[in-house]
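Undergrad: A structural model of the following input is requested.
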Amino acid sequence: MKKILALVLAVVMILALAACGQPAAPAKPGAEGGGEAPKDDAIIKKVALVTDVGTIDDESFNQATWMGVETWSKANNVDHIYYQPTENSTDARTLSITQAIKEGANVIVLPGFLFGPNVLDVQKQYPDVYFLAVDVGEGDLTYDYETYEKPASNVVCLTFAEEQAGYLAGYAAVADGYTKLGFLGGMAVPAVVRYGYGFVQGADAAAQKLSKEVSIEYYYSGVFQGDASITARMEGWYKDGTEVVFACGGGVYTSAVEAALQHNGKVIGVDIDQHYVGEAKDQNGKPLYAYNPFISSAMKQLQNVTEAVLQALQEGNWENYGGKVMTFSLAEGDYVGLPTAEASWGFKNFKLDDYNALVESIKKGEVKVDNNADTTVKPTVSEFTKVNYIA
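TA: So this is what the prediction gives:
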């Protein structure tokens with residue numbers, strides 16, 4: 001099984017790199033995309049993305065954000081490149097940002113809450129550079145978590161209502177008939193916590209409506225990639241009866257998938273529609289998995305929002321974004337949710353019409369989802385739901 005998973009990951013990484021390009025060879029103006037070369041007075045000269053602790057092929061938020069950068073840049077024939085810091089530190093991230101600016105980038109995309117202190121480092125030092133800080137909220141713009149600052153006029157912080165996507169995933173799972181659930185988080189960062197707490201709230205709401213007892217195993221792994229110890233824990237969950245695990249945190253999903261395949265279990269993906277991962281094939285076109293374990297994914301429109309903000313900037317509409325912390329939720333549009341394509345819809349009893357009705361209830365405010373991201377304050381659940389929070 002481990003050899004199979006290793007082969008799957010190799011195939012996925014090759015496909016991802018083929019889609020995303022190479023960091024040392026940024027796109028040349030007029031070389032790709034089919035559009036006209038940018039005018040000399042174009043606002044955006046070059047776009048750079050700096051990763052946090054992940055990579056652009058993490059099957060999660062780094063990759064989705066990079067896809068937004070790449071797609072928009074190719075369509076507009078703008079140079080684009082990414083940088084991966086040499087280590088997980090504020091200094092290393094600032095060094096990569098500085099390098100990108102020195103090499104000509106005047107738009108820097110920063111995906112991940114870890115960039116909060118970096119934004120404070122560079123926003124005043126480089127007033128003529130635009131910064132798109134994705135998943136960086138008001139609570140991240142601090143050095144010491146005592147004093148907080150605001151984004152400067154050349155910065156926009158883009159956040160999402162992950163709790164709503166998590167709620168939809170949890171509700172759908174229970175409404176479809178699953179009663180033994182698991183939540184596998186990566187690091188307990190605000191976005192991951194909101195996903196997880198939303199998942200608990202949604203599962204409990206469905207449990208109450210159906211008068212069904214539900215149990216949830218809940219665990220933060222502390223990392224954004226799978227490993228042997230996490231896989232072993234997931235194997236224990238599935239062996240003990242867990243039916244579906246919401247794997248939330250970059251590459252940590254690989255541990256859930258590996259364990260699920262040994263016990264006929266299911267997985268819910270995160271950030272992007274991960275259904276395609278379960279459809280991986282070998283070089284002869286044969287499926288690498290005995291079945292696709294993904295029944296759905298809790299998504300946020302990282303790519304679309306990144307493209308939209310870049311386009312607004314290029315059109316001279318930065319005033320709609322600069323100096324703001326913006327949250328994209330269902331109230332503003334379909335910025336979070338589950339994939340509704342037929343191939344990705346893995347539910348049998350929970351129908352698409354039921355899903356659409358639930359989405360509308362959230363949009364109208366009839367269903368309210370708590371967006372708390374404080375790990376010391378757990379979601380309130382009914383007598384139908386038992387959550388085992390594992391330290």
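Undergrad: hey, let's count contacts and neighbours off CA atoms from now on
TA: OK.
Undergrad: most residues in a single helix of the chain, which one?
TA: helix 190-210 (DSSP state H).
Undergrad: now do that one: which elements does it pack against?
TA: Based on contacts counted as 3 or more CA pairs under 8 Å, 6 or more residues apart in numbering; DSSP states H and E, the elements that helix 190-210 packs against are helix 162-175, strand 180-185, strand 214-220, strand 244-248, strand 385-390.
Undergrad: save these as TSV, and put in distance to Gln303 too.
TA: Rendered in TSV, the data for the helices and strands packed on helix 190-210 read as follows (distance: least, CA to CA, whole Å):
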stretch	distance to Gln303
helix 162-175	15
strand 180-185	22
strand 214-220	26
strand 244-248	18
strand 385-390	32
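Undergrad: Ala341: which of the ones you listed is closest?
TA: When the helices and strands packed on helix 190-210 are ranked by distance to Ala341, counting by CA to CA, first place goes to helix 162-175 at 15.1 Å.
Undergrad: circling back: run through who's touching the longest helix of the chain.
TA: Among residues not part of helix 190-210, those counted as contacts by CA atoms under 8 Å, 6 or more residues apart in numbering are 113, 135, 160-175, 183, 185-186, 213-214, 216, 248-249, 369-375, 378-382, 384-385.
Undergrad: tell me the angle it makes with strand 385-390.
TA: Inter-element angle recorded for helix 190-210 and strand 385-390: 150 degrees (by axes from the mean of the first three to the mean of the last three CA atoms, to 10 degrees).
Undergrad: which parts of helix 190-210 are buried?
TA: Within helix 190-210, the residues scored as buried using 16 or more other CA atoms under 10 Å are 190-208.
Undergrad: okay, the angle between that helix and strand 214-220?
TA: Comparing the axes of helix 190-210 and strand 214-220 via the same axes, to 10 degrees yields an angle of 170 degrees.
Undergrad: tell me the mean pLDDT over stretch 298-317?
TA: Summarised as a single mean, pLDDT over stretch 298-317 is 96.
Undergrad: re the thing from before, can you give me how far the longest helix of the chain is from the chain middle?
TA: With CA atoms, centre = their mean, to the nearest Å as the basis, the distance from the averaged C-alpha position of helix 190-210 to the chain average is 17 Å.
Undergrad: go on, stretch 344-352?
TA: 22 Å.
Undergrad: quick revisit: the helices and strands packed on helix 190-210 into a markdown table, with extra columns for mean neighbour count and mean pLDDT?
TA: What follows is the helices and strands packed on helix 190-210, written out as a markdown table (neighbours: other CA atoms under 10 Å; pLDDT from 0 to 100):
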| stretch | mean neighbour count | mean pLDDT |
| --- | --- | --- |
| helix 162-175 | 29 | 98 |
| strand 180-185 | 26 | 98 |
| strand 214-220 | 20 | 98 |
| strand 244-248 | 28 | 98 |
| strand 385-390 | 14 | 98 |
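Undergrad: list the buried residues for stretch 99-109?
TA: Neighbour-count burial for stretch 99-109, counted by 16+ other CA under 10 Å, picks out Ala100, Ile101, Ala105, Asn106, Val107, Ile108, Val109.
Undergrad: and those residues, which two are furthest apart?
TA: Spatially, the most separated pair among those is Ile101 and Val109, at 11.5 Å (CA to CA).
Undergrad: the longest helix of the chain versus strand 180-185: what angle between them?
TA: Interaxial angle, helix 190-210 versus strand 180-185 (the same axes, to 10 degrees): 170 degrees.
Undergrad: next, the angle strand 244-248 makes with helix 190-210.
TA: Regarding helix 190-210 and strand 244-248, their directions subtend 150 degrees when assessed with the same axes, to 10 degrees.
Undergrad: just the pLDDT for Gly116.
TA: What the model reports as pLDDT for Gly116 is 96.
Undergrad: just the pLDDT for Asp41.
TA: Each residue has a pLDDT score; the one for Asp41 is 75.
Undergrad: can you tell me the element Ser96 falls in?
TA: Mapping Ser96 onto the secondary structure by DSSP states H and E places it in helix 90-102.
Undergrad: may I have that helix as CSV, with CA atoms only?
TA: Coordinates of each C-alpha in helix 90-102 appear next as CSV, following Å, rounded to 0.1, in the frame of the first residue of the first chain:
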residue,chain,number,x,y,z
THR,A,90,9.9,35.1,9.5
ASP,A,91,13.4,36.1,8.5
ALA,A,92,13.5,33.5,5.7
ARG,A,93,10.1,34.6,4.4
THR,A,94,11.1,38.3,4.5
LEU,A,95,14.3,37.4,2.7
SER,A,96,12.4,35.7,-0.1
ILE,A,97,10.0,38.7,-0.4
THR,A,98,13.0,41.1,-0.6
GLN,A,99,14.6,38.9,-3.3
ALA,A,100,11.4,38.9,-5.3
ILE,A,101,11.2,42.7,-5.2
LYS,A,102,14.9,43.1,-6.1
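Undergrad: so where's this structure shaky on pLDDT?
TA: Segments of the chain classed as low confidence (criterion: pLDDT under 70) are 1-40.
Undergrad: and the longest helix of the chain, C-alpha only, in PDB?
TA: Once non-C-alpha atoms are left out, helix 190-210 reads as follows in PDB (Å, rounded to 0.1, in the frame of the first residue of the first chain):
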ATOM      1  CA  PRO A 190      -7.100  30.000  12.300                       C
ATOM      2  CA  ALA A 191      -8.200  28.700   8.900                       C
ATOM      3  CA  VAL A 192      -7.800  25.100   9.900                       C
ATOM      4  CA  VAL A 193      -9.600  25.700  13.200                       C
ATOM      5  CA  ARG A 194     -12.500  27.400  11.400                       C
ATOM      6  CA  TYR A 195     -12.800  24.500   9.000                       C
ATOM      7  CA  GLY A 196     -12.800  22.000  11.900                       C
ATOM      8  CA  TYR A 197     -15.200  23.800  14.100                       C
ATOM      9  CA  GLY A 198     -17.600  24.400  11.200                       C
ATOM     10  CA  PHE A 199     -17.400  20.700  10.500                       C
ATOM     11  CA  VAL A 200     -18.500  19.900  14.000                       C
ATOM     12  CA  GLN A 201     -21.300  22.400  13.900                       C
ATOM     13  CA  GLY A 202     -22.600  21.100  10.600                       C
ATOM     14  CA  ALA A 203     -22.500  17.500  11.700                       C
ATOM     15  CA  ASP A 204     -24.300  18.400  14.900                       C
ATOM     16  CA  ALA A 205     -27.000  20.300  13.100                       C
ATOM     17  CA  ALA A 206     -27.700  17.300  10.900                       C
ATOM     18  CA  ALA A 207     -27.600  15.000  13.900                       C
ATOM     19  CA  GLN A 208     -30.200  17.100  15.600                       C
ATOM     20  CA  LYS A 209     -32.500  17.300  12.600                       C
ATOM     21  CA  LEU A 210     -32.300  13.500  12.000                       C
END
